[in-house]
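Chemist: Got a predicted structure plus its sequence, pasted below:
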Amino acid sequence: MNAEQARASLASTFGVEVAAGVPLVVTVAPERWEALARYAKDTVGCRFFNFLTAVDWKEQGLEVVARVDNLDENVALMLKTKLGPGVTRCASLTPVYRGANWMERECFDMFGIRFDGHPDMRRILLEDTWEGHPLLKSYAVDTPHPPYR
Amino acid sequence: MLDVNNTTRVEMDWSGPERLQMNMGPQHPSAHGVFRAIVTLEGETVVAVDAVIGYLHRCHEKLSETLTYAQYPSIASKTDYVAAMTSEFAYVLAAEEIGKFEVPKRAQYLRVIVAELQRIASHLLWLGTWCMDMGGALGGGATIFLYCIRERELVLDLFESLVGARLLYGFFQVGGTRYDIPDGWAQACRETIALIDSRIDEYEEMLEDNAFFLARTQGVGTVSRELAQDVGIAGPLLRGSGVDFDIRKNVPYSSYGDFDFSVPVETAGDCYARYKVRMAEFRQAIAIVRQALDTLPAGPISSRPALKSVAQIRIPKGEAYARVEGPRGEVGSYIISDGSAKPYRMKWRGASFSNLSILPLIIPGHKVADVVAIMGSVDPVFGEVDR
């Protein structure tokens, strides 16, 4: 599936606006997050799992972002879902992409998002006893935090 | 607070063959940095690997939110300190994409030259340390290591005369490069790469005629094409598994389209295939540097005024993901800008992080001695894994 076909089929399947461009940015509701990834992999052919991360939009809540690629036809997808204010749970993409395992652990570590269905949801870069999630905007950079030692 | 009992790594009620949990690292010489692998063994065979990383974590992503677009490129070097040019490259490309800044042709060529020299230096360090990991089998394994370090020093000498530093450069800045090449540098560079070109033949002869080397690498650590993409490993690992994808070729950036080079691909997916890909990449990198030096255009090295203050570079609201083909694969920087002098959010896609995450999937089933061969063939740099 080339980029234009991918754009049209994603827009019609998920009922969302998808602007033409590189990458194609697709935003869905959290309930359809895993379905979107599965569609991207099986139908669009984006078998290459690039990265998964999150963005803290302060009072608007967290947004999870994943990037996947179809290397054969140069289709790049940026998948996004807004979890909503105060929500820290999201469906895991590990059943679809094995590469999501460490990326979601990092995302949990840095943002405190728990991925439902992840086989091994523990911190990865910080130690297990660390308090707080550093990439949240509420986590100050210039004051020492309790586990700082 | 994390529930420490909720881990999948301990199987206390195991009733099969006797199992042993063994710690490799974090100070193991083959760890190429600080990496701890908790391996579960049945006899000599590994049945499970739990990778413990984060010893070098500095939270570059938080740090980048506190530093301006003028300041951060030289800090970006510190993510992958073995290929510092690559990280700087990815960061400035992302900022330039959002800001729609032009980069003069000369600066693009200079970027290509340093990026390819960096690839040569990085691959030399990989080859030397990997062969030393497999040590005795290669007949006093330090030989190759010392040869490679000798050649890598020559490349670092070039960088030193270019920017004044040997490891972390700060060569890139948004809109161009910070320095132009000094007089006589191009000639010194040509002589260096000609020398390295001839030495690579020597290494290949030493290794590929060595039955021990072949036995330790062929058929070891095989990654299938499907698994490679699913996990998102990149660079020589991906191409060693038969996926013909190189960002320089498929999504050219910074004038890579101007140069004639090929993308080596191997299909076996084992340590030897990854070795073959990297050895071929040496020659391609040398070819690209030669072409870039031959056709280096005259002109300015930056489209931006000289930096007078740290908050001078402002880019509009927007987001961009820029990626470059580093020595270890896709290094990407995902910047979200809110219109100020600092990014609102910056995500590093470190090639080593993704590459390393394949270890727990491919090591089980191998002997303990193969763990170091496989780990070395992945070529992780822990500054980039932990960021």
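Modeler: That came through fine. Here the structure is a predicted model, which means the values were calculated and not measured.
Chemist: helix or strand for B:Arg304, which one?
Modeler: According to DSSP states H and E, B:Arg304 maps onto no helix or strand at all.
Chemist: Contact partners for the spatially closest residue to it that is not a sequence neighbour?
Modeler: Once flanking residues are discounted, B:Arg304 sits nearest to B:Gly175: 3.4 Å by CB to CB, 6 or more residues apart in numbering or on different chains. Quick note: C-beta positions are derived from backbone N, CA and C, even for glycine. Shown in contact with B:Gly175 (CB atoms under 8 Å, 6 or more residues apart in numbering or on different chains): B:Val92, B:Glu96, B:Phe101, B:Glu102, B:Val103, B:Ala107, B:Ser302, B:Ser303, B:Arg304, B:Ile313.
Chemist: And the third one, which helix or strand is it part of?
Modeler: B:Phe101 is located outside every helix and strand, with elements delineated by DSSP H and E.
Chemist: Please see if stretch B:19-35 touches chain A.
Modeler: No - using CB under 8 Å from any CB of the partner chain, we find that stretch B:19-35 stays clear of chain A, coming within 12.3 Å at best.
Chemist: Span of that stretch from start to end?
Modeler: Terminal residues of stretch B:19-35 lie 22 Å apart, using CA to CA, to the nearest Å.
Chemist: Quick check: the farthest pair among the contacts of B:Gly175?
Modeler: B:Ala107 and B:Ile313 (15.1 Å; CB to CB).
Chemist: Counting neighbours, what do you get for the nearest residue to B:Gln71 once chain neighbours are set aside?
Modeler: In space, and not counting its chain neighbours, B:Gln71 is closest to B:Val310: 5.4 Å by CB to CB, 6+ apart. Neighbourhood size, B:Val310 [other CB atoms under 10 Å in any protein chain shown]: 14.
Chemist: if I pick B:Val310, what's in contact with it?
Modeler: Counting by CB under 8 Å, 6+ apart, B:Val310 touches B:Thr68, B:Ala70, B:Gln71, B:Ala341.
Chemist: Quick check: helices, which of the residues you listed are part of them?
Modeler: Under the assignment DSSP state H, the contacts of B:Val310 contribute nothing to helices.
Chemist: now those as a markdown table including neighbour count and distance to B:Val231?
Modeler: Listed next are these as a markdown table, based on neighbours: other CB atoms under 10 Å in any protein chain shown; distance: CB to CB, whole Å:
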| residue | neighbour count | distance to B:Val231 |
| --- | --- | --- |
| B:Thr68 | 18 | 35 |
| B:Ala70 | 20 | 36 |
| B:Gln71 | 18 | 34 |
| B:Ala341 | 17 | 36 |
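Chemist: which of those lies closest to B:Trp185?
Modeler: Of all the contacts of B:Val310, B:Trp185 sits closest to B:Ala70, with 25.3 Å by CB to CB.
Chemist: Enumerate every residue touching that closest one.
Modeler: Residues in contact with B:Ala70, defined by CB under 8 Å, 6+ apart, are B:Gln173, B:Val174, B:Leu307, B:Ser309, B:Val310, B:Ala311, B:Gln312, B:Ile313, B:Ala341.
Chemist: same check, this time on B:Ala94
Modeler: Counting by CB under 8 Å, 6+ apart, B:Ala94 touches B:Ala320, B:Tyr321, B:Ala322, B:Ser333, B:Tyr334, B:Ile335.
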